[in-house]
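Participant: give me a 3D structure for the following:
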Amino acid sequence: MPLIEDHHYLKICAQLASSLSISIAAARRKVEVAAAKEGKKDLQSRKEIAQKILEQSLNEDKQQGLSTTESFDKLLKALKEEENFMLED
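Facilitator: Okay, here's the model as predicted:
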């Protein structure tokens, strides 16, 4: 996959990566795979696909009512039955 140096495309991929809590490379790969499935190869269609995936991700966050940081904090809290669990003695 050749490196695309379009600033707007990279910005959308960075926003997508932030929204999904993944790396920018993984976000770009996600867009590339979606573009390949649709059979589109040009930069403009990749921008549109990236924007569409970003909007879907943001809409899902709004529907859940939690921001990414809040959902991450929720995952990090220990359950009552797991509070005293020790990995090593």
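Participant: switch to C-alpha atoms for all contacts and neighbour counts from now on
Facilitator: Will do.
Participant: where in this protein is pLDDT low?
Facilitator: Applying pLDDT under 70 to the chain flags residues 1-4, 61, 65-68, 71, 78-89.
Participant: and the longest helix for it?
Facilitator: Longest helix in the chain, counting residues (DSSP state H): helix 43-64.
Participant: got the buried residues for the helix or strand that that one is followed by?
Facilitator: Next along the chain after helix 43-64, taking DSSP states H and E as the criterion, comes helix 68-76. For helix 68-76, the neighbour count (16 or more other Cα atoms under 10 Å) marks no residue as buried.
Participant: now do helix 68-76 and helix 43-64, the angle between them.
Facilitator: In terms of direction (axes from the mean of the first three to the mean of the last three Cα atoms, to 10 degrees), helix 68-76 departs from helix 43-64 by 60 degrees.
Participant: what's the longest helix of the chain in contact with?
Facilitator: Contacts to helix 43-64, defined as Cα atoms under 8 Å, 6 or more residues apart in numbering, come from residues 8-9, 12-13, 15-16, 19-20, 31-32, 34-35, 40, 67-68.
Participant: in this protein, which residue is closest to the centre?
Facilitator: For the chain, the residue nearest the mean C-alpha position is Leu20 (2.4 Å; Cα atoms, centre = their mean).
Participant: give the closest residue to that one in space, chain neighbours not counted.
Facilitator: Closest residue in space to Leu20, ignoring its immediate chain neighbours: Ser57 at 7.2 Å, by Cα to Cα, 6 or more residues apart in numbering.
Participant: still on that earlier bit, out of the contacts of helix 43-64, which is most surrounded?
Facilitator: For the contacts of helix 43-64, the largest neighbour count, defined by other Cα atoms under 10 Å, is 28 neighbours, found at Leu16.
Participant: check which helix or strand covers it.
Facilitator: Using DSSP H and E, Leu16 falls in helix 7-20.
Participant: likewise Glu5?
Facilitator: Glu5 belongs to no helix or strand when assigned by DSSP H and E.
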